[in-house]
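Asks: 3D, please:
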Amino acid sequence: MKIKILLLLLVATILVACDSEKSDLKQQISDLETEVETQATAQSVTNLFNKYDEYVKTFADDGEMNGRYMYRSAGLAYRAGNYAKTAEYLERGIKDFPNSSITPSSHVLLGTVYEENLNNMDKAKTSFQHVLDNYPNHEGADRAALFFKPADEKLQTLIAQKEAILKDENGNIKPRIAADLYQKYTAYSEQFPDDKTRSSDYLLKGGEMLSFMNNPAAAAKSFEQILASYPESKAAPSATLQLAGLYDDQLNRSIEAQELGQAFVNTFPNHPDVEKAKYYLKPEKERLNTRITELEGQLYPESASKIDPVAAGKLIRKYETYAKKFPKNDNAALYLYKAGEVARSSGDMRRSVSLLEQLYDGYRNYEKAPQALFLAGFIYENDLKNLDKAKEIYNKFMQKYPNHELAASVKFSLENLGKPADEIIKSFEGKKEDS
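Replies: Residues are numbered from 1 along each chain as shown. Prediction:
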């Protein structure tokens, strides 16, 4: 009797220890999931994958949680754009843990990945048909049924679904959803070019998506296609204006921007945006100055403490364009100097020194030429760690401007070039003691 009691106590102890280990591992997984959700890093994502795998191996009989962890692993791989790995995790979960309550969702996601990302329609059909046959009341049954509808209707529905989740709760566009949506816009316009209303509208939205993703050349092609294939569509006026903006603002095709502005005024004289089109009819110098002023006001958005990199890139290009096209104008040197400052503020040090050196070489008599030369040397020394180039520029500065107010700083930099900070401090303290 005593032996039986001891055995029961031993079994109970083992079960308690097992439950404790399981709870600890679940908590570790939960903590990692929170970390990945709030601020994912490559290491935290890898750690989470490993913990999911550890749980599945350690508690192979927990079919419910293992199926869920396989589904979550698939979700991580999907977010990373690794669709083959996504399918692998889903198939593993479906095969090894078929009774998990997440299995129907795994079938739906697997079919979606095969259809939309891996282009394997046979496997997509198998997955979706399994859902309709075995889980007709599941929330994913509508997605499964959609696979079997006509291609145009299916694409329209998928586009609407993606558009509904394009922005997060703060109104920011989700890059991965934007990329998926652009692919669907393109697919529809290619497959159904005779649907002039939707195809032109999707091309317009696709061009706007590409502009958001900072791909102006591709965006321009999308707008150009509208004007070539659907010149009488409702999308044509907006495509014309946006194309003119890309030509003028980012692609350095100002003459064509002017032509588009004139075409807009001629074709749509009563359009509400006709005044915007007339902007492109102004002289190029005036347009450049106007746009520079606008972009300078957009460098630091009210809601952000850092410089806006998109506005910075556009502004630098405008500064450079002005200096190139109107080199003898008084603003040319100023704009090159400002371009160097904006490039440095946005972290593009190589571009910054290139602009500052360009200013110095082209405008030696400009009042800020010495500052530009000094700043170029400073960037080479402290940001690019190119001490030879820094020394070359500092020596040039001392030869050209030995009495300038920055000469003392340049001399100090030359004397201490390459020295560790603590050595410079000790040397400075020693001089103080001597004095």
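Asks: Stretch 158-167: which residues count as buried?
Replies: With burial defined by 16 or more other C-beta atoms under 10 Å, the residues of stretch 158-167 counted as buried are Leu158, Ile159, Lys162. C-betas here are computed from N, CA, C, even on glycine.
Asks: same thing with stretch 382-392?
Replies: Lys389, Ala390, Lys391.
Asks: Then stretch 285-303?
Replies: Residues Arg287, Leu288, Asn289, Arg291, Ile292, Leu295, Leu299 are the ones in stretch 285-303 that count as buried (16+ other C-beta under 10 Å).
Asks: Then stretch 71-80?
Replies: Counting neighbours by 16+ other C-beta under 10 Å, stretch 71-80 gives Tyr71, Arg72, Ser73, Ala74, Leu76, Ala77, Tyr78 as buried.
Asks: Could you point out the helix or strand that follows the one helix or strand the third one maps to?
Replies: If I follow you right, that is Ser73. Under the criterion of DSSP states H and E, Ser73 resides in helix 63-79. Using DSSP H and E, the helix or strand that follows helix 63-79 in sequence is helix 83-96.
Asks: other SSEs contacting that following helix?
Replies: Helix 83-96 is packed against helix 63-79, helix 103-116, with contacts defined by 3 or more C-beta pairs under 8 Å, 6 or more residues apart in numbering; DSSP states H and E.
Asks: who wins for proximity to Glu357 among these?
Replies: Shortest separation from Glu357 across these is recorded for helix 63-79, at 43.0 Å, computed as C-beta to C-beta.
Asks: Residues touching that closest one, excluding its own?
Replies: 26, 29, 33, 36, 45, 48-49, 52-53, 55-56, 59-60, 83, 85-90, 92-93, 96-103, 105-106, 109, 113, 176 (C-beta atoms under 8 Å, 6 or more residues apart in numbering).
Asks: same thing with stretch 325-332?
Replies: For stretch 325-332, contacts defined as C-beta under 8 Å, 6+ apart pick out Glu284, Lys285, Leu288, Asn289, Tyr322, Ala323, Gly362, Tyr363.
Asks: Hmm, the fifth one is touching Thr293, no?
Replies: No - with contact defined as C-beta atoms under 8 Å, Tyr322 does not count as touching Thr293 (11.8 Å).
Asks: ranges for the helices of the stretch 201-350 of the chain?
Replies: 216-229, 236-249, 254-267, 274-278, 284-298, 309-325, 330-345, 349-362 (DSSP state H, counting those that start in this stretch).
Asks: Buried by neighbour count: which residues of the longest one qualify?
Replies: This means helix 309-325. 311-323.
Asks: Need the residues that contact stretch 335-342.
Replies: Outside stretch 335-342, the residues that touch it by C-beta under 8 Å, 6+ apart are 292, 299, 307, 312, 315-316, 318-320, 322-323, 352-353, 355-356, 358-359, 362-363, 366, 368, 371-372, 375-376.
Asks: if we go to 7 Å?
Replies: 312, 315-316, 319-320, 322-323, 352, 355-356, 358-359, 368, 372, 375 (C-beta atoms under 7 Å, 6 or more residues apart in numbering).
Asks: Not counting sequence-adjacent ones, nearest residue to Leu210?
Replies: In this structure, Leu210 finds its nearest non-sequential neighbour in Ala219, 3.7 Å apart by C-beta to C-beta, 6 or more residues apart in numbering.
Asks: and what of Gly111?
Replies: Nearest to Gly111 is Ser127, by C-beta to C-beta, 6+ apart, at 3.4 Å.
Asks: and Ser200, how many neighbours?
Replies: Close neighbours of Ser200, defined as other C-beta atoms under 10 Å, add up to 24.
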